[in-house]
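**Student:** quick one, fold the following:
(2 chains)
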Amino acid sequence: MKRPGSQAPMDFIRTIIAEDLKANKNGGRVHTRFPPEPNGYLHIGHAKSICLNFKIAEEFGGLCNLRFDDTNPTKEEAEYVESIKEDVRWLGFDWGDRLYYASDYFDQLYEYALQLIRDGKAYVCDLSPEEIRAYRGTLTEPGKDSPYRNRSVEENLDLFERMRAGEFEDGACVLRAKIDMASPNLNMRDPVLYRMLHAPHQRTGNKWCIYPTYDFAHGQSDSIEGITHSLCTLEFEDHRPLYDWFIRQLRIFAPRQIEFARLNLSFTVMSKRKLLALVQGGHVTGWDDPRMPTLSGMRRRGYTPEAIRTFCERIGVAKKESTVDIGLLEHCLREDLNRRALRRMAVLHPLRVVIDNYPEDQVEYLDAENNPEDPAMGSRNIPFSRVLYIEREDFREDPPKKYFRLAPGREVRLKHAYYITCERVVKDEKTGDVAELHCTYDPETRGGWSRDGRRVKGTLHWVSAAHAGEAQVRLYDHLFVVPNPGDPKNGADFISLLNPKSLEIVSSCKIEPSLMSATPGTHFQFLRLGYFCMDAIDSTPERLVFNRSVTLRDTWAKIEKDRHKADPVRKAEEIKEVTPAHGQAGDIKTAGDKIAIDDFARVDLRVGVVREAGAVKGAKKLIRLMVDLGEGRLRQIFSGVRSAYPDPGVLTGKKVIVVANLKPRQMSFGLSEGMVLAGVGEDRLGIATVEGDLAPGDKVM
RNA sequence: UGGGGUGUCGUCAAGCGGUAAGACACGGGCCUUUGGAGCCCGCAUUCGGAGGUUCGAAUCCUCCCACCCCAGCCA
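**Tutor:** This is a model prediction of the structure:
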C-alpha cells in the first residue's frame, strides 16, 4: 500500500486512518494536532511528530492544529512559544488560524470537572502528596481508598469552588477522579484532575489558582478541537484508558489516540532534561549551538527544512523503540545541499604556493561553474595569480600509495585553472616544516584541460593569495563519542561522554573573494571540504564566520583509516604496547613453550562487559574501557588497541575476557585494573569478544 | 511476582497465510576538472526461541526469552 500522493509506503498510523476513513468515521474528516509544552526548544525528535501530524492532515485532506499544552504555569515561559512557532513555520508547516492553547479551555475544563463531581465521579481529597503516593499502592499491590473518597456531591462542589477561590494552600488538596484504587493500571487509581497552584499563568494571568493536570486537559482539549486522530508517544499508551474514561463520562467527542515510538538519534541526546543540562553546564553555547539537535541549532548549523523533512519521512513511524543512525540525517542533508549549494573555494589550512613561471603582476579571471549539478545556477569569475594558497593536506613530501595530490615533481590540476608541477619545497629553518612550494604551471592547460590529452590524477582547490578574504571556520563533529550517550546504562554522567573534538575552530582561513559578501541564508559547498553556511549570530563584516554543516563523503579519509588499521609497522607498536602487562601476570610462559596446567590456573580470567569505551587523550594507542566484572563497580582498563578501534564506542556492550588478578598498574592516565585479551594476526588486531549466556564476573576456563 | 508495549540485515523499516520491499551503512566496479555527485553489482535460505496448525507460517495457536514504559499535585 502506498500513501496517497507519495511513493512512501503506508505506516501503521496511516493504515489505521485510512481504515477509519473507509468506515466513514468522523464523517470522513481527519484532524490532527501538534501539542508541544512551551517549556523548551524543539528538537529533531519533535520534527518527527510535526511532520507526522501535518503531513497526515495534508495527505488525507484534513487539518492540523498547533496547540500549546500550557497547564503548568510554574514551568512554562512565553519565550518558548515564539521559538516553537518559528521552528514549525521554518519546517514549512502552516497551522492557519488554528493556534490554540490548553489554557483557552480552562473554563470548559472547569465545567467538565464540575460535571464529574455532580455525577459522583470526582472528589476533593485532602491527602498530602506523600499520602497520596502511599495510598496509591505499588506495581504489584492495589492501592487503598482515600478517606475523603466518599464525600457528598454537595461537599465536593463546595470544596472545589473554594479551591478555585484560592482558600487553600498549594498542596493542601486536589480534585481526584473516582475510578478504581485497585486497578492494575496505576493511571486509573483515582488520578489527580486539579491541583492548587498559586502561580500566575502567562496567558490567563491571575484568573486561576487551580490548574488541570495534563491528564485531565489533554484528551479533552483534543475533543474540544475535534481532533480525530491524536498521535502521541509510547509512554502515553497506559494513559489511553484514562482519557477514554473521561470522554465516556463526559459524553463528548472521542478522538482516537495512536501511539508511536519517539525518535532517538545516535551520538546525541534528545531528552529535554539532558539538553538543558548541556546548556546550563556551559558545554554548548546555548540552545542554538550548531552541535545541538535542536531545530534552532540545526538551522544555524546549515540544515535545511527539506533535509529534515526528508529524513523524517525516511525513518518511518513504528512502535519499536529505536535509534536512528545519525549518518542518515547527514545523508539527507548532503543530498539536498548537493542540489542547491553554490560551489566555492576556501582553504582551511593554507600552504603558500608560488608559480615561478607566472608573470609577476598578472591576474586572470577564470570562469567557474556555481553548481555542476545545475547549469542554471550559472558561473562566477575567480582571480588567479602568481601566489596562491592550497590546502596543507594536499601536499606530501613522501606521498603514500594512492595519494593523488601534490608531491615533489608531481603534476596536479588546480580546479578551473591550470595544471601545476611542484618543483621545489621551501622549509622553515627552525621547525623543518614545509613553508612554501615553488611550482610551474602549463599555460596550455588554462581552465584545467590539457590539449595533449595527458591526464592528472588529482584536482586541488586553491585561492589567490592577493585576492583572498579571511574567515573563521567552525568544524563540527558529533557531540558525543558514544553512539548511545542517553542510554541509562552509560551512567548518569553522560556529560563525561561529550566529544572533546565536537568543535574545532580554524582561524585565518583563506576564502575566494565572492564569499566576502555571503549572507547567512546561503548554503555553500567549499570544494572538497564540505557544506558550509555563514553563522547567523557570530559572523560580522570584520570577522566572517562559517559553520560546517556536514562534510563531503571522504573516500580518501577512509582509505587512510583502513591503511592505518592494517599498517604492519603500527601493529608492531601496538603489540609492544600490550606486552608489558604480560609480565605482571606471574611466570606465564609465552606461546610456544608448554606450561603446566597449574601455571595457567594462576590467571584469573573473567567475563567482563564493556560499559564505556573511549579514546585516551594524549595517547595515540590507548583506549580506556570501563568494564563490568560483576563486582558492583566498574574497572578501568587501558588497552593499546586504539588502531583497531578508531571509534572505541563500538566496544560498548561487548563481552570481553579480562585478566582479573593482575596487579593494578598506575599509568599516567590513571590506574589500569586488569587487562583485556586481544588477538594479533598478520593484518589484524582486535579485542577478543565472547558470546553466549555469560554474566559479568563469570570465570573463563 | 501487576499492567501496558516491542522483538524482521550493522541501523531504520516494509510485510497482514503463498514462499523476505526499500533506505542508510558496508564491500566491489564504472565514470569523473570536487578522492564530491552519478551509475552498476553485491549484501537476511531467514524473521527473539521452542513446539504446534497448514499443502504452505515472519504472518495463525501455545509456551518461553529479552528489552522498554507506568507507583509526579511533570508533560
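
**Student:** how about the stretch 351-500 of chain A: which residue is closest to RNA strand B?
**Tutor:** In the stretch 351-500 of chain A, the residue that lies nearest RNA strand B is A:Gly448 (2.3 Å; C-beta to the nearest atom of the strand). (Glycine included, C-beta is placed from N, CA and C.)

**Student:** and that residue, how many neighbours?
**Tutor:** 16 (other C-beta atoms under 10 Å).

**Student:** assess the claim that it and A:Leu414 are in contact.
**Tutor:** Yes: A:Gly448 is in contact with A:Leu414 according to C-beta atoms under 8 Å; the separation is 7.2 Å.

**Student:** need the residues touching each of the two.
**Tutor:** Common contacts of A:Gly448 and A:Leu414, defined by C-beta atoms under 8 Å, 6 or more residues apart in numbering, comprise A:Thr459.

**Student:** max-length strand in chain A?
**Tutor:** Identified as the longest strand of chain A according to DSSP state E is strand A:605-615.

**Student:** tell me the average confidence for that strand?
**Tutor:** Averaging pLDDT along strand A:605-615 gives 79.

**Student:** cool, stretch A:658-670 as well?
**Tutor:** Rounded mean pLDDT across stretch A:658-670 is 62.

**Student:** endpoints of stretch A:135-148, how far apart?
**Tutor:** This stretch, stretch A:135-148, spans 12 Å end to end (C-alpha to C-alpha, to the nearest Å).

**Student:** actually stretch A:475-485, not the one I wrote
**Tutor:** 21 Å.

**Student:** can that stretch be found next to RNA strand B?
**Tutor:** No: against RNA strand B, stretch A:475-485 shows no contacts by C-beta under 7 Å from any atom of the strand, the least distance being 8.4 Å.

**Student:** contact partners of that stretch?
**Tutor:** A:264, A:266-269, A:278, A:284, A:290-293, A:301, A:323, A:326, A:490, A:494, A:497-499, A:501-506, A:547-548, A:612-615, A:647-650, A:652.

**Student:** show the buried residues in these.
**Tutor:** A:264, A:266-269, A:278, A:284, A:290-293, A:301, A:326, A:490, A:494, A:497-499, A:502-503, A:547-548, A:612-615, A:647-649, A:652 (16 or more other C-beta atoms under 10 Å).

**Student:** residues touching the closest residue to the residue of the stretch 351-500 of chain A closest to RNA strand B other than its chain neighbours, list them.
**Tutor:** Using C-beta to C-beta, 6 or more residues apart in numbering and skipping residues adjacent in sequence, the residue nearest A:Gly448 is A:Arg413, 5.1 Å away. Taking C-beta under 8 Å, 6+ apart, we find A:Arg413 in contact with A:419-420, A:445, A:448, A:456, A:458-460.

**Student:** helix/strand/coil for A:Arg413?
**Tutor:** strand (DSSP: H, G, I helix; E, B strand; the rest coil).

**Student:** pull the contacting residues for the residue of the stretch 351-500 of chain A closest to RNA strand B.
**Tutor:** By C-beta under 8 Å, 6+ apart, the contact list for A:Gly448 reads A:413-419, A:459.

**Student:** 7 Å - rerun?
**Tutor:** By C-beta atoms under 7 Å, 6 or more residues apart in numbering, the contact list for A:Gly448 reads A:413, A:415-417.

**Student:** quick one: which two of those are the most distant?
**Tutor:** A:Arg413 and A:His416 (9.0 Å; C-beta to C-beta).

**Student:** is there proximity between the helix or strand hosting A:Asp107 and RNA strand B?
**Tutor:** Using DSSP states H and E, A:Asp107 maps to helix A:106-118. No: applying C-beta under 7 Å from any atom of the strand, one finds helix A:106-118 separated from RNA strand B by no less than 11.8 Å.

**Student:** list of residues touching that helix?
**Tutor:** Here helix A:106-118 has contacts from A:122, A:153, A:156-157, A:160, A:175, A:177, A:193-194, A:204, A:208, A:212, A:216-217, A:220, A:224, A:249-250, using C-beta under 7 Å, 6+ apart.

**Student:** how long is stretch A:25-43 end to end?
**Tutor:** End-to-end distance (C-alpha to C-alpha), stretch A:25-43: 33 Å.

**Student:** buried residues, that stretch. List them.
**Tutor:** A:25-26, A:30-43.

**Student:** does it come close to RNA strand B?
**Tutor:** Yes: on the criterion C-beta under 7 Å from any atom of the strand, stretch A:25-43 is in touch with RNA strand B at A:Glu37.

**Student:** quick one: that stretch to chain centroid distance?
**Tutor:** Between the centre of stretch A:25-43 and the centre of its chain there are 23 Å (C-alpha atoms, centre = their mean, to the nearest Å).

**Student:** please enumerate the helices of the stretch 551-700 of chain A.
**Tutor:** For the stretch 551-700 of chain A, the helices defined by DSSP state H, counting those that start in this stretch cover A:555-566, A:568-578, A:580-583, A:597-601.

**Student:** nothing else from me, thank you.
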